[in-house]
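Peer 1: Make a model of this:
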Amino acid sequence: MNTVAHMRDAVFFEGEDAPRRFSRFWLLLVLSSVIAAAGVVADSDATVIGAMIVAPLMTPILGIVLATVLGDRVNVLRSWGMVLAGAATAIGVGYGVGLLVAAPVVASTNPQVAQRVSPDLIDLLAALATGAVGVIALVRTDISDTLPGVAIAISLVPPLTVVGLTLESQAWQESLGALLLFATNVAAILASGLVVLSVYRVRARADAAASARPDQPPRSARRPLVFVAATVLIIAVPLTFSSLESTQDTVLESQVRTAAAPWAADNGWDIAEVAIGDDTAQIVFTGASSEPDTAGLASALEDAGVDPSTVTAQFVPAYTVQLDSAP
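Peer 2: Numbers count the residues shown, from 1 in each chain. As a prediction, this is how the structure comes out:
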């Protein structure tokens with residue numbers, strides 16, 4: 001078990017070593033932001049994962065957790081300042097990289113962006129578990145080697161660069177979605193971290209050490225705890241709506257696909273895609289047949305509980321031609 005002094009040394013930017021810690025933080029933050037933005041633009045999973053490992057934002061977030069439990073107001077404010085300033089820097093880097101890209105970097109054309117603009121409650125659940133692992137690694141010496149895995153699992157810098165990239169592309173809604181994902185991850189780390197440190201009685205150990213120093217003023221963690229709890233609850237609201245919307249879209253897509261598949265097979269067409277958006281659906285059919293009578297399709301959709309007026313069918317001719325050898 002690590003001592004409280006060891007944990008403070010690991011996550012706080014204080015003492016004689018503070019200048020070196022600050023320089024290391026900003027150097028790694030800028031570089032990881034550039035790597036993440038480039039990985040998103042290039043749609044490279046490996047590059048984005050590399051940025052996650054390099055990114056240093058986890059350190060001040062854990063600093064908030066520890067300082068909150070210890071009632072250390074100075075380090076709470078300092079750590080929050082590092083997180084907010086670091087987030088703004090990563091967004092700025094993403095925006096700057098976006099200026100170098102000719103085409104808009106948006107969810108419709110970039111899978112990396114699409115993965116990070118629609119967070120839901122599952123993302124919150126994953127972040128809670130990952131945050132707990134990160135804090136446990138801070139407390140226990142025997143599992144500290146899990147930190148690289150935590151860095152990969154808890155996405156911090158990539159969503160921020162997506163915020164910058166989509167802002168530059170004027171995709172405001174997607175920017176808010178990516179920012180919500182980052183806020184979700186931060187809030188989850190704080191919440192699960194506070195629980196873990198309480199289980200390991202870190203505050204009690206710190207108080208026991210401070211009891212030998214009568215000049216040590218009493219510390220209170222009540223206000224920061226209330227703030228973290230309120231933050232998690234506030235973030236859970238849009239995530240709940242996002243989850244419900246995602247579930248409704250999934251159900252609608254399943255209903256449309258199930259109803260359309262038999263009709264398509266009977267008429268010589270294949271379903272290439274079912275796109276859902278704003279309570280509407282578009283079915284893209286491909287095939288070599290002529291334009292069919294869609295009355296049967298409308299009837300099948302009605303039987304499946306789908307209003308045909310909300311569904312658009314697009315028929316794309318597809319032909320297979322055997323090429324002869326060149327003379």
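
Peer 1: Tell me how many other residues crowd the closest residue to residue 109 other than its chain neighbours.
Peer 2: In this structure, residue 109 finds its nearest non-sequential neighbour in residue 103, 7.1 Å apart by CB to CB, 6 or more residues apart in numbering. The way it works is simple: take the backbone N, C-alpha and C, and place the C-beta from them, glycine included. Counted by other CB atoms under 10 Å, the residues lying close to residue 103 total 9.

Peer 1: With residue 143 instead?
Peer 2: By other CB under 10 Å, neighbour count at residue 143 equals 12.

Peer 1: Please name the nearest non-neighbouring residue to it.
Peer 2: Spatial nearest neighbour of residue 143, chain neighbours left out: residue 137 (5.4 Å); criterion: CB to CB, 6+ apart.

Peer 1: Show the pLDDT at that neighbour.
Peer 2: As predicted, residue 137 sits at a pLDDT of 84.

Peer 1: can you check residue 209 too?
Peer 2: Per-residue pLDDT puts residue 209 at 55.

Peer 1: What strand or helix carries the most centrally placed residue in the chain?
Peer 2: With distances taken as CA atoms, centre = their mean, residue 181 lies nearest the centre of the chain, 3.9 Å away. For residue 181, the host element (DSSP states H and E) is helix 172-199.

Peer 1: now residue 103, what's its secondary structure?
Peer 2: Secondary structure state of residue 103, per DSSP: H, G, I helix; E, B strand; the rest coil, is coil.

Peer 1: Then residue 292?
Peer 2: At residue 292 the chain is in coil, as set by three-state DSSP.

Peer 1: Could you check how far the closest residue to it other than its chain neighbours is from residue 253?
Peer 2: In space, and not counting its chain neighbours, residue 292 is closest to residue 267: 4.5 Å by CB to CB, 6+ apart. Going from residue 267 to residue 253 by CB to CB, to the nearest Å gives 21 Å.

Peer 1: Who has more neighbours out of these two?
Peer 2: With neighbours defined as other CB under 10 Å, residue 267 and residue 253 compare such that residue 267 has more, 18 against 15.

Peer 1: What values do phi and psi take at that one?
Peer 2: phi -110, psi 10 (degrees, to the nearest 10).

Peer 1: Equivalent analysis for residue 315, please.
Peer 2: According to degrees, to the nearest 10, residue 315 has phi -110, psi 120.

Peer 1: So in terms of bridging, what pairs with it?
Peer 2: As for beta bridges, residue 315 partners with residue 285 under DSSP bridges.

Peer 1: Surely it touches residue 269?
Peer 2: Yes. If you go by CB atoms under 8 Å, residue 315 and residue 269 touch, sitting 7.0 Å apart.

Peer 1: tell me, what's touching the two both at once?
Peer 2: Common neighbours of residue 315 and residue 269 are listed as 285, 286, 287, 292 (criterion: CB atoms under 8 Å, 6 or more residues apart in numbering).

Peer 1: Pick out the most distant pair among those residues.
Peer 2: 286 and 292 (12.7 Å; CB to CB).

Peer 1: Pick out whichever of the two has more residues nearby.
Peer 2: residue 292 (18 against 15).

Peer 1: Now do the same contact list for the more buried one.
Peer 2: 267, 268, 269, 315.

Peer 1: Can you verify my assumption that the residue nearest to residue 292 contacts residue 289?
Peer 2: Yes. Judged on CB under 8 Å, residue 267 makes contact with residue 289 at a distance of 6.3 Å.

Peer 1: can I see the domain layout of the protein?
Peer 2: The chain breaks down into these domains under automatic domain parsing: 4-220, 250-317.

Peer 1: Tell me where the model's unsure across this protein.
Peer 2: 144-151, 205-225, 227, 325-327 (pLDDT under 70).

Peer 1: how about the strands in it?
Peer 2: 270-277, 280-287, 311-317 (DSSP state E).

Peer 1: List of residues touching the last one?
Peer 2: With CB under 8 Å, 6+ apart as the test, strand 311-317 has contacts from 256, 269, 272, 280-288, 291-292, 294, 297, 301.

Peer 1: now do stretch 119-129
Peer 2: Identification of contacts with stretch 119-129 by CB under 8 Å, 6+ apart yields 153-154, 177, 180-181, 184-185, 187-189, 191-192, 235-236, 239-240, 242-243, 246.

Peer 1: Stretch 194-205 now?
Peer 2: With contacts defined as CB under 8 Å, 6+ apart, stretch 194-205 is touched by 1, 4, 7, 65-66, 68-71, 132, 135-136, 139, 221, 225, 228.

Peer 1: Since that was my last question, I'll sign off now.
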